[in-house]
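**Q** A predicted structure for the sequence below; I have some questions about it.
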Amino acid sequence: MIKIYLAAPLFNEMERARNLRFSNILENNGFKVYLPQRDGGLFYELINRGYTNQEARKHIFNEDVSAIYDSDVILCLLDGRVPDEGMCIELGIAFAKGKICIGYKSDQRSQDKFGDNIILDGTLSNIFSRKEELLEYLMAIEIIQKNFYYNVENKTKVSNEEMACFFPKYK
């Protein structure tokens, strides 16, 4: 089973609800998802449970970084004119660890008229605008991993050529 780290902004009710819906879609399709707001904790909830400021920060940081290390794929939700800075750090960690890094963006706004940040785009092997395509891609990675002993932990990308071997749509 592929483990997915869902990186996204989580600072208001709307963002957290969207993240949870996205996580549910992935989990309902058989993927294991680490959702930071649910699995790592929310800062103010930890404070309300008696954590000190420093303890809450350290707890969240350690839980999230550990989950990135343990994941096969990082999925970044990129909607908005400017990407969330925490998501960018999570993506950088995942990229440096050789994880498969992909994005989802249904929003057409960009940082400028030429697109999004070049470094951000360079870390992502694919950016999807439709959930169906994203799910198909993740399912293909899982099939490759299960049936062909594909080691996702040692690869940053599944190339279009590799995908096309099994799924002609990616030619």
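**A** In hand now; what should we look at? Numbers count the residues shown, from 1 in each chain.
**Q** Let me know the pLDDT of residue 16.
**A** On pLDDT, residue 16 comes in at 94.
**Q** my guess is it meets residue 10, correct?
**A** Yes. Using Cβ atoms under 8 Å, residue 16 is in contact with residue 10, at 5.3 Å. From N, CA and C alone the C-beta is placed, and that goes for glycine too.
**Q** ok, now which ones touch the one residue sitting closest to the centre of the chain?
**A** Nearest residue to the geometric centre of the chain (Cα atoms, centre = their mean): residue 75, 1.8 Å. Residues counted as contacts of residue 75 (Cβ atoms under 8 Å, 6 or more residues apart in numbering) are 4, 5, 6, 7, 26, 102, 103, 104, 134.
**Q** And residue 17, by the same measure?
**A** By Cβ under 8 Å, 6+ apart, residue 17 has no neighbours at all.
**Q** so where's this structure shaky on pLDDT?
**A** Across the chain, the ranges flagged by pLDDT under 70 are 109-115, 147-171.
**Q** again, only this time at 50
**A** For the chain, applying pLDDT under 50 flags the ranges 150, 152-153, 156, 170-171.
**Q** can you give me the strands for it?
**A** Applying DSSP state E to the chain gives strands spanning 3-7, 32-34, 73-77, 100-104, 126-128.
**Q** nearest to residue 66, of these?
**A** strand 32-34 (9.3 Å; Cβ to Cβ).
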